[in-house]
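Enquirer: Have a look; sequence and predicted model below, questions after that.
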Amino acid sequence: MNVLVINCGSSSLKYQLLDMSNEEVLAKGLAERIGIDGSVLTHEAPGQDKVKFEQPMPSHKDALNILMAALVDPNHGVIKSLDEISAVGHRTVHGGEAFTDSVIIDADVINQLEVVSELAPLHNPANLIGIRACQELLPTVPMVAVFDTAFHQTMPAKAYMYPLPYELYEKYKIRKYGFHGTSHKFVSREAADLMGKKIEDLKLISCHLGNGASLCAVLNGKSVDTSMGLTPLAGLEMGTRCGDIDPAIIPFLANKGYAIDEIDNIMNKKSGVLGVSGVSSDFRDVESAANKGNQRAKLALDIYHYRVITTIGEYVAAMNGVDGIIFTAGLGENSSTSRQAICNGLKFLGIKLDPVANSKRGEATIISDKDSKTTVMVIPTNEELMIARDTLSLVK
Ligand code: ADP
(Lines give C-alpha, C1' and ligand atoms only; values in the text may rest on other atoms or scores of the structure.)
Protein backbone atom coordinates (compact mmCIF):
# COMPACT_ATOMS: atom_id res chain seq x y z
CA MET A 1 0.00 0.00 0.00
CA ASN A 2 1.55 3.33 -1.12
CA VAL A 3 0.92 6.52 0.82
CA LEU A 4 1.68 9.97 -0.61
CA VAL A 5 2.67 12.53 2.03
CA ILE A 6 2.13 16.18 1.16
CA ASN A 7 3.50 19.20 3.05
CA CYS A 8 2.22 22.43 1.49
CA GLY A 9 3.70 25.82 2.33
CA SER A 10 2.54 29.14 0.90
CA SER A 11 4.91 28.91 -2.10
CA SER A 12 6.33 25.41 -1.72
CA LEU A 13 5.22 21.78 -1.70
CA LYS A 14 7.24 18.86 -0.31
CA TYR A 15 6.21 15.29 -0.99
CA GLN A 16 7.19 11.69 -0.36
CA LEU A 17 5.70 8.50 -1.71
CA LEU A 18 6.15 5.62 0.73
CA ASP A 19 5.57 1.91 0.26
CA MET A 20 4.07 1.07 3.65
CA SER A 21 4.65 -2.68 3.32
CA ASN A 22 8.28 -1.96 4.29
CA GLU A 23 8.13 1.82 5.00
CA GLU A 24 10.48 2.43 2.09
CA VAL A 25 10.62 5.85 0.39
CA LEU A 26 9.86 5.29 -3.32
CA ALA A 27 10.28 8.93 -4.37
CA LYS A 28 10.43 12.39 -2.86
CA GLY A 29 10.69 15.94 -4.00
CA LEU A 30 10.14 19.62 -3.54
CA ALA A 31 8.37 22.26 -5.62
CA GLU A 32 9.54 25.80 -4.92
CA ARG A 33 8.50 29.30 -5.99
CA ILE A 34 4.90 28.25 -6.67
CA GLY A 35 2.92 31.28 -7.89
CA ILE A 36 6.03 33.33 -8.61
CA ASP A 37 8.66 33.50 -11.35
CA GLY A 38 11.22 30.70 -11.56
CA SER A 39 9.06 27.79 -10.30
CA VAL A 40 11.00 24.56 -10.07
CA LEU A 41 10.19 21.01 -8.94
CA THR A 42 13.02 18.67 -7.98
CA HIS A 43 12.10 14.97 -7.96
CA GLU A 44 14.26 12.10 -6.80
CA ALA A 45 13.95 8.37 -6.43
CA PRO A 46 16.56 6.20 -4.70
CA GLY A 47 19.17 4.91 -7.15
CA GLN A 48 18.18 7.42 -9.84
CA ASP A 49 19.48 10.84 -10.81
CA LYS A 50 17.55 13.88 -9.58
CA VAL A 51 15.18 15.33 -12.18
CA LYS A 52 14.39 19.07 -12.30
CA PHE A 53 11.22 20.49 -13.85
CA GLU A 54 11.65 24.18 -14.49
CA GLN A 55 8.28 25.35 -15.73
CA PRO A 56 5.59 27.81 -14.63
CA MET A 57 3.53 26.65 -11.62
CA PRO A 58 0.94 29.36 -11.04
CA SER A 59 -0.82 27.24 -8.40
CA HIS A 60 -0.25 24.26 -6.08
CA LYS A 61 -2.47 22.23 -8.41
CA ASP A 62 0.09 22.77 -11.21
CA ALA A 63 2.88 21.55 -8.93
CA LEU A 64 0.78 18.49 -8.00
CA ASN A 65 0.13 17.77 -11.69
CA ILE A 66 3.88 17.81 -12.38
CA LEU A 67 4.72 15.61 -9.39
CA MET A 68 2.03 13.08 -10.29
CA ALA A 69 3.29 12.95 -13.88
CA ALA A 70 6.82 12.42 -12.49
CA LEU A 71 5.62 9.54 -10.28
CA VAL A 72 4.19 7.63 -13.29
CA ASP A 73 6.76 8.74 -15.89
CA PRO A 74 8.06 5.75 -17.93
CA ASN A 75 11.70 6.86 -17.37
CA HIS A 76 12.01 8.21 -13.84
CA GLY A 77 8.64 7.17 -12.45
CA VAL A 78 8.20 4.69 -9.58
CA ILE A 79 4.59 3.54 -10.08
CA LYS A 80 2.67 2.53 -13.21
CA SER A 81 -0.50 4.47 -12.52
CA LEU A 82 -1.92 6.87 -9.95
CA ASP A 83 -4.26 4.03 -8.87
CA GLU A 84 -1.24 2.73 -6.96
CA ILE A 85 -1.59 5.65 -4.51
CA SER A 86 -3.89 4.27 -1.81
CA ALA A 87 -4.05 7.30 0.47
CA VAL A 88 -2.69 10.80 0.94
CA GLY A 89 -1.48 12.21 4.28
CA HIS A 90 -1.42 16.00 4.59
CA ARG A 91 0.82 17.73 7.09
CA THR A 92 -1.47 20.32 8.67
CA VAL A 93 -0.01 22.91 11.00
CA HIS A 94 -2.85 23.94 13.31
CA GLY A 95 -5.69 21.75 14.49
CA GLY A 96 -6.74 24.07 17.32
CA GLU A 97 -8.78 22.34 20.03
CA ALA A 98 -10.97 20.64 17.43
CA PHE A 99 -8.42 17.98 16.50
CA THR A 100 -6.80 15.81 19.14
CA ASP A 101 -5.54 13.26 16.61
CA SER A 102 -5.13 12.71 12.87
CA VAL A 103 -8.44 12.51 10.96
CA ILE A 104 -9.84 11.36 7.64
CA ILE A 105 -10.64 14.53 5.69
CA ASP A 106 -14.31 15.14 4.83
CA ALA A 107 -16.37 18.28 4.22
CA ASP A 108 -16.86 18.78 7.95
CA VAL A 109 -13.11 18.60 8.63
CA ILE A 110 -12.47 21.18 5.90
CA ASN A 111 -15.02 23.54 7.48
CA GLN A 112 -13.39 23.16 10.89
CA LEU A 113 -9.94 23.73 9.37
CA GLU A 114 -11.16 26.99 7.90
CA VAL A 115 -12.32 28.14 11.33
CA VAL A 116 -8.97 27.20 12.90
CA SER A 117 -7.02 29.02 10.14
CA GLU A 118 -7.32 32.25 12.14
CA LEU A 119 -4.82 30.75 14.60
CA ALA A 120 -2.22 29.98 11.89
CA PRO A 121 -2.82 32.50 9.10
CA LEU A 122 0.57 31.82 7.47
CA HIS A 123 0.27 28.03 7.39
CA ASN A 124 -3.25 26.59 7.46
CA PRO A 125 -4.55 28.35 4.30
CA ALA A 126 -1.62 26.83 2.35
CA ASN A 127 -2.36 23.38 3.82
CA LEU A 128 -6.02 23.76 2.76
CA ILE A 129 -5.01 24.72 -0.78
CA GLY A 130 -2.94 21.52 -0.96
CA ILE A 131 -5.80 19.38 0.36
CA ARG A 132 -8.30 20.83 -2.13
CA ALA A 133 -5.93 20.52 -5.09
CA CYS A 134 -5.20 16.88 -4.20
CA GLN A 135 -8.90 16.11 -3.85
CA GLU A 136 -9.50 17.47 -7.36
CA LEU A 137 -6.71 15.37 -8.85
CA LEU A 138 -7.35 12.17 -6.86
CA PRO A 139 -11.10 12.38 -6.12
CA THR A 140 -11.51 8.77 -4.97
CA VAL A 141 -8.39 8.50 -2.81
CA PRO A 142 -8.87 8.86 0.98
CA MET A 143 -7.00 11.79 2.53
CA VAL A 144 -5.87 12.24 6.11
CA ALA A 145 -4.88 15.43 7.97
CA VAL A 146 -2.02 15.05 10.46
CA PHE A 147 -1.64 18.05 12.77
CA ASP A 148 1.50 19.57 14.31
CA THR A 149 -0.63 20.51 17.33
CA ALA A 150 -2.57 17.27 17.92
CA PHE A 151 0.04 15.42 20.02
CA HIS A 152 -0.02 18.27 22.56
CA GLN A 153 -3.79 18.16 23.11
CA THR A 154 -3.14 15.91 26.13
CA MET A 155 -1.54 18.80 28.08
CA PRO A 156 -3.37 19.60 31.32
CA ALA A 157 -5.08 23.00 31.57
CA LYS A 158 -2.49 24.20 34.11
CA ALA A 159 0.15 23.80 31.36
CA TYR A 160 -1.79 25.18 28.41
CA MET A 161 -3.68 28.11 29.94
CA TYR A 162 -2.07 31.55 30.05
CA PRO A 163 -2.82 33.59 33.16
CA LEU A 164 -4.74 36.17 31.10
CA PRO A 165 -8.41 37.09 31.64
CA TYR A 166 -10.34 33.85 31.08
CA GLU A 167 -12.69 35.48 28.55
CA LEU A 168 -9.79 35.85 26.07
CA TYR A 169 -9.61 32.05 25.99
CA GLU A 170 -13.39 31.79 25.62
CA LYS A 171 -13.59 34.48 22.91
CA TYR A 172 -10.44 33.84 20.86
CA LYS A 173 -9.16 30.43 22.04
CA ILE A 174 -5.92 32.04 23.22
CA ARG A 175 -3.94 29.24 24.93
CA LYS A 176 -0.79 27.19 24.42
CA TYR A 177 -1.13 24.69 21.55
CA GLY A 178 2.47 23.71 20.82
CA PHE A 179 3.94 22.55 17.50
CA HIS A 180 6.39 19.92 16.13
CA GLY A 181 3.93 17.37 17.62
CA THR A 182 4.46 14.85 14.80
CA SER A 183 8.21 14.95 15.43
CA HIS A 184 7.94 14.73 19.24
CA LYS A 185 5.53 11.79 18.89
CA PHE A 186 7.78 9.98 16.41
CA VAL A 187 11.06 10.37 18.32
CA SER A 188 9.55 9.56 21.72
CA ARG A 189 8.22 6.25 20.39
CA GLU A 190 11.53 5.44 18.71
CA ALA A 191 13.34 6.33 21.97
CA ALA A 192 11.23 3.85 23.95
CA ASP A 193 12.13 1.12 21.41
CA LEU A 194 15.82 2.05 21.62
CA MET A 195 15.68 1.87 25.43
CA GLY A 196 13.87 -1.47 25.22
CA LYS A 197 11.02 -0.14 27.39
CA LYS A 198 7.32 0.55 26.99
CA ILE A 199 6.56 4.21 26.31
CA GLU A 200 3.77 3.97 28.93
CA ASP A 201 6.46 3.46 31.59
CA LEU A 202 8.75 6.35 30.63
CA LYS A 203 9.36 10.01 31.41
CA LEU A 204 10.99 11.52 28.31
CA ILE A 205 12.05 14.99 27.20
CA SER A 206 12.21 15.48 23.46
CA CYS A 207 14.40 18.34 22.19
CA HIS A 208 13.53 19.25 18.57
CA LEU A 209 16.36 21.66 17.78
CA GLY A 210 16.17 22.83 14.16
CA ASN A 211 15.70 26.26 12.70
CA GLY A 212 12.54 26.32 14.75
CA ALA A 213 13.00 24.65 18.12
CA SER A 214 10.78 23.23 20.83
CA LEU A 215 10.98 20.92 23.81
CA CYS A 216 8.27 18.50 24.87
CA ALA A 217 7.74 16.67 28.17
CA VAL A 218 6.38 13.22 27.29
CA LEU A 219 4.94 11.43 30.33
CA ASN A 220 3.86 7.81 29.71
CA GLY A 221 3.67 8.50 25.96
CA LYS A 222 1.62 11.70 26.25
CA SER A 223 2.67 15.33 25.85
CA VAL A 224 2.19 17.11 29.19
CA ASP A 225 4.02 20.33 28.32
CA THR A 226 5.82 21.94 25.41
CA SER A 227 7.72 25.16 24.88
CA MET A 228 5.95 26.69 21.86
CA GLY A 229 2.64 28.39 22.54
CA LEU A 230 -0.31 29.92 20.72
CA THR A 231 2.20 30.34 17.90
CA PRO A 232 5.67 28.90 17.11
CA LEU A 233 7.29 32.12 18.39
CA ALA A 234 7.24 31.09 22.05
CA GLY A 235 9.81 29.23 24.14
CA LEU A 236 13.44 28.68 23.21
CA GLU A 237 15.79 30.98 21.34
CA MET A 238 15.65 29.91 17.67
CA GLY A 239 17.45 30.65 14.39
CA THR A 240 15.61 33.96 13.87
CA ARG A 241 12.87 33.86 16.56
CA CYS A 242 13.26 35.34 20.03
CA GLY A 243 11.25 32.76 21.98
CA ASP A 244 10.01 33.89 25.41
CA ILE A 245 10.65 37.54 26.25
CA ASP A 246 9.04 39.92 28.73
CA PRO A 247 5.72 40.74 26.98
CA ALA A 248 6.06 44.35 28.16
CA ILE A 249 8.84 44.80 25.57
CA ILE A 250 6.12 44.94 22.90
CA PRO A 251 4.25 48.01 24.24
CA PHE A 252 7.64 49.53 25.16
CA LEU A 253 8.76 49.34 21.51
CA ALA A 254 5.34 50.48 20.29
CA ASN A 255 5.69 53.59 22.47
CA LYS A 256 9.09 54.20 20.85
CA GLY A 257 7.33 54.37 17.47
CA TYR A 258 7.67 50.82 16.15
CA ALA A 259 4.58 49.58 14.27
CA ILE A 260 3.06 46.27 15.40
CA ASP A 261 3.98 44.56 12.09
CA GLU A 262 7.56 45.77 12.50
CA ILE A 263 7.78 44.35 16.03
CA ASP A 264 6.29 41.07 14.80
CA ASN A 265 8.88 40.95 12.01
CA ILE A 266 11.74 41.70 14.43
CA MET A 267 10.65 38.95 16.84
CA ASN A 268 10.10 36.33 14.11
CA LYS A 269 12.78 37.09 11.54
CA LYS A 270 15.51 39.27 13.06
CA SER A 271 15.95 37.86 16.56
CA GLY A 272 17.26 34.62 18.03
CA VAL A 273 20.71 33.39 17.13
CA LEU A 274 20.79 35.73 14.10
CA GLY A 275 19.76 38.79 16.09
CA VAL A 276 22.17 38.25 18.97
CA SER A 277 25.19 37.15 16.91
CA GLY A 278 24.69 39.42 13.90
CA VAL A 279 26.35 36.57 11.97
CA SER A 280 23.71 34.16 10.66
CA SER A 281 20.64 32.12 11.59
CA ASP A 282 22.51 28.94 10.64
CA PHE A 283 24.14 27.30 13.63
CA ARG A 284 27.08 26.06 11.56
CA ASP A 285 28.08 29.67 10.74
CA VAL A 286 27.53 30.81 14.32
CA GLU A 287 29.51 27.89 15.79
CA SER A 288 32.39 28.60 13.42
CA ALA A 289 32.36 32.36 14.25
CA ALA A 290 32.31 31.55 17.99
CA ASN A 291 35.27 29.21 17.53
CA LYS A 292 37.17 32.08 15.88
CA GLY A 293 36.56 34.27 18.95
CA ASN A 294 33.42 36.22 17.93
CA GLN A 295 31.95 37.11 21.35
CA ARG A 296 28.41 37.83 20.15
CA ALA A 297 28.31 34.49 18.34
CA LYS A 298 29.45 32.83 21.57
CA LEU A 299 26.76 34.73 23.53
CA ALA A 300 24.05 33.64 21.04
CA LEU A 301 25.04 30.00 21.58
CA ASP A 302 25.36 30.43 25.37
CA ILE A 303 21.78 31.80 25.51
CA TYR A 304 20.62 28.95 23.26
CA HIS A 305 22.15 26.21 25.40
CA TYR A 306 21.12 27.91 28.66
CA ARG A 307 17.47 28.04 27.59
CA VAL A 308 17.44 24.39 26.55
CA ILE A 309 19.04 23.43 29.89
CA THR A 310 16.64 25.48 32.02
CA THR A 311 13.60 24.26 30.08
CA ILE A 312 14.75 20.66 30.57
CA GLY A 313 14.97 21.48 34.30
CA GLU A 314 11.39 22.77 34.17
CA TYR A 315 10.15 19.56 32.55
CA VAL A 316 12.04 17.35 35.00
CA ALA A 317 10.07 19.20 37.69
CA ALA A 318 6.80 18.93 35.71
CA MET A 319 7.18 15.12 35.46
CA ASN A 320 8.94 14.70 38.83
CA GLY A 321 11.87 13.00 37.12
CA VAL A 322 13.16 11.96 33.71
CA ASP A 323 14.37 8.66 32.22
CA GLY A 324 15.51 9.80 28.80
CA ILE A 325 16.43 12.95 26.87
CA ILE A 326 16.17 12.93 23.08
CA PHE A 327 17.98 15.23 20.65
CA THR A 328 16.52 15.59 17.16
CA ALA A 329 16.27 17.87 14.05
CA GLY A 330 19.06 19.79 12.28
CA LEU A 331 21.11 20.96 15.26
CA GLY A 332 20.02 18.20 17.65
CA GLU A 333 21.02 15.46 15.21
CA ASN A 334 24.22 17.01 13.92
CA SER A 335 25.93 19.21 16.49
CA SER A 336 27.86 17.08 18.98
CA THR A 337 29.29 20.26 20.54
CA SER A 338 25.82 21.67 21.28
CA ARG A 339 24.70 18.34 22.78
CA GLN A 340 27.84 18.31 24.93
CA ALA A 341 27.29 21.93 26.05
CA ILE A 342 23.66 21.19 26.97
CA CYS A 343 24.55 17.98 28.84
CA ASN A 344 27.33 19.82 30.73
CA GLY A 345 24.52 21.86 32.29
CA LEU A 346 22.59 18.74 33.31
CA LYS A 347 25.06 17.13 35.70
CA PHE A 348 22.36 17.18 38.41
CA LEU A 349 20.63 14.43 36.40
CA GLY A 350 23.71 12.22 36.68
CA ILE A 351 24.29 12.50 32.91
CA LYS A 352 27.57 11.27 31.48
CA LEU A 353 28.04 11.34 27.70
CA ASP A 354 30.00 8.70 25.79
CA PRO A 355 32.21 10.90 23.52
CA VAL A 356 32.53 8.23 20.82
CA ALA A 357 28.77 7.64 20.59
CA ASN A 358 28.17 11.41 20.71
CA SER A 359 30.31 11.89 17.59
CA LYS A 360 28.20 9.49 15.45
CA ARG A 361 25.73 10.83 12.90
CA GLY A 362 22.61 9.81 11.06
CA GLU A 363 21.36 6.87 13.14
CA ALA A 364 19.30 6.44 16.30
CA THR A 365 21.91 6.06 19.04
CA ILE A 366 22.23 6.16 22.81
CA ILE A 367 24.98 8.74 23.40
CA SER A 368 25.15 8.51 27.20
CA ASP A 369 27.60 6.30 29.04
CA LYS A 370 26.40 2.96 30.50
CA ASP A 371 26.57 4.35 34.06
CA SER A 372 24.76 7.61 33.20
CA LYS A 373 21.67 7.92 35.47
CA THR A 374 19.62 9.41 32.60
CA THR A 375 19.72 7.98 29.07
CA VAL A 376 20.56 10.53 26.38
CA MET A 377 19.74 9.72 22.76
CA VAL A 378 20.03 11.12 19.25
CA ILE A 379 17.02 10.08 17.14
CA PRO A 380 16.73 11.35 13.55
CA THR A 381 13.20 12.68 13.19
CA ASN A 382 11.00 11.51 10.33
CA GLU A 383 7.77 13.47 10.22
CA GLU A 384 6.85 12.10 6.78
CA LEU A 385 7.00 8.51 8.04
CA MET A 386 4.89 9.42 11.10
CA ILE A 387 2.31 11.08 8.80
CA ALA A 388 2.29 8.01 6.54
CA ARG A 389 1.87 5.66 9.55
CA ASP A 390 -1.07 7.70 10.90
CA THR A 391 -2.60 7.84 7.41
CA LEU A 392 -2.29 4.10 6.96
CA SER A 393 -3.79 3.29 10.34
CA LEU A 394 -6.83 5.51 9.64
CA VAL A 395 -7.62 4.32 6.11
CA LYS A 396 -6.98 0.62 6.73
P1 ADP B 1 13.79 23.29 9.97
O2 ADP B 1 13.10 22.02 9.52
O3 ADP B 1 13.27 23.86 11.25
O4 ADP B 1 13.99 24.32 8.91
P5 ADP B 1 16.13 21.62 10.38
O6 ADP B 1 15.65 20.66 11.39
O7 ADP B 1 16.41 21.14 9.00
O8 ADP B 1 15.26 22.92 10.35
O9 ADP B 1 17.47 22.29 10.97
C10 ADP B 1 18.17 23.21 10.22
C11 ADP B 1 19.25 23.81 11.10
O12 ADP B 1 20.10 22.77 11.62
C13 ADP B 1 20.18 24.70 10.29
O14 ADP B 1 19.76 26.03 10.37
C15 ADP B 1 21.51 24.53 10.99
O16 ADP B 1 21.67 25.63 11.82
C17 ADP B 1 21.40 23.30 11.85
N18 ADP B 1 22.44 22.32 11.48
C19 ADP B 1 22.41 21.42 10.48
N20 ADP B 1 23.57 20.71 10.45
C21 ADP B 1 24.36 21.19 11.45
C22 ADP B 1 25.67 20.89 11.95
N23 ADP B 1 26.42 19.96 11.41
N24 ADP B 1 26.12 21.59 13.00
C25 ADP B 1 25.36 22.56 13.56
N26 ADP B 1 24.13 22.88 13.15
C27 ADP B 1 23.62 22.22 12.11
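Expert: On my side now, so go ahead. Residues are numbered from 1 along each chain as shown.
Enquirer: mind giving me the domain ranges of this protein?
Expert: If you go by automatic domain parsing, the domain ranges for the chain are 2-147, 198-383.
Enquirer: for those domains, which one sits closest to the ligand?
Expert: domain 198-383 (2.0 Å; C-beta to the nearest ligand atom). Where C-beta positions appear, they are placed from N, C-alpha and C, glycine not excepted.
Enquirer: quick check: mean pLDDT across the closest one?
Expert: What domain 198-383 shows for mean pLDDT is 97.
Enquirer: on that earlier part again, and the domains of the chain as JSON lines, adding mean neighbour count and distance to Thr391?
Expert: JSON lines is the format used below for these (neighbours: other C-beta atoms under 10 Å; distance: least, C-beta to C-beta, whole Å):
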{"stretch": "domain 2-147", "mean neighbour count": "18", "distance to Thr391": "3"}
{"stretch": "domain 198-383", "mean neighbour count": "18", "distance to Thr391": "12"}
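Enquirer: Any chance of those domains in TSV with distance to the ligand as columns?
Expert: Below are the domains of the chain laid out as TSV (distance: least, C-beta to the nearest ligand atom, whole Å):
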stretch	distance to the ligand
domain 2-147	10
domain 198-383	2
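Enquirer: Turn the ones you listed into CSV, including distance to Lys396.
Expert: Shown next, in CSV, are those (distance: least, C-beta to C-beta, whole Å):
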stretch, distance to Lys396
domain 2-147, 9
domain 198-383, 20
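Enquirer: Quick check: what element follows the helix ranked longest in the chain along the chain?
Expert: Counting residues, the longest helix in the chain under DSSP state H turns out to be helix 295-319. Where DSSP states H and E defines the elements, the next helix or strand beyond helix 295-319 is strand 324-328.
Enquirer: can you list contacts of the longest helix of the chain?
Expert: 159, 203, 205, 207, 209, 213, 215, 217, 219, 224-225, 227, 235-237, 243, 272-273, 276-279, 283, 286-287, 289-290, 322, 325, 338, 341-342, 345-346, 349 (C-beta atoms under 8 Å, 6 or more residues apart in numbering).
Enquirer: From those, which land in strands?
Expert: If you go by DSSP state E, the contacts of helix 295-319 have Lys203, Ile205, Cys207, Leu209, Ala213, Leu215, Ala217, Leu219, Val224, Asp225, Ile325 in strands.
Enquirer: Distance check, the first one against Lys373.
Expert: Taking C-beta to C-beta, to the nearest Å as the measure, Lys203 falls 13 Å from Lys373.
Enquirer: can you check the fifth one too?
Expert: Relative to Lys373, Ala213 is positioned 25 Å away (C-beta to C-beta).
Enquirer: Next SSE downstream of the one helix or strand Val115 maps to?
Expert: Per DSSP H and E, Val115 falls inside helix 107-116. Downstream of helix 107-116, the first helix or strand assigned by DSSP H and E is helix 124-137.
Enquirer: on contacts alone, who are the packing partners of that next one?
Expert: strand 2-8, helix 60-72, strand 85-92, helix 107-116, strand 143-147 (3 or more C-beta pairs under 8 Å, 6 or more residues apart in numbering; DSSP states H and E).
Enquirer: I'd like to know which of these is closest to Ala254.
Expert: Comparison of the helices and strands packed on helix 124-137 against Ala254 by C-beta to C-beta identifies helix 107-116 as nearest, at 28.1 Å.
Enquirer: quick one: the closest one to helix 124-137, angle?
Expert: Counting by axes from the mean of the first three to the mean of the last three C-alpha atoms, to 10 degrees, helix 107-116 lies at 160 degrees to helix 124-137.
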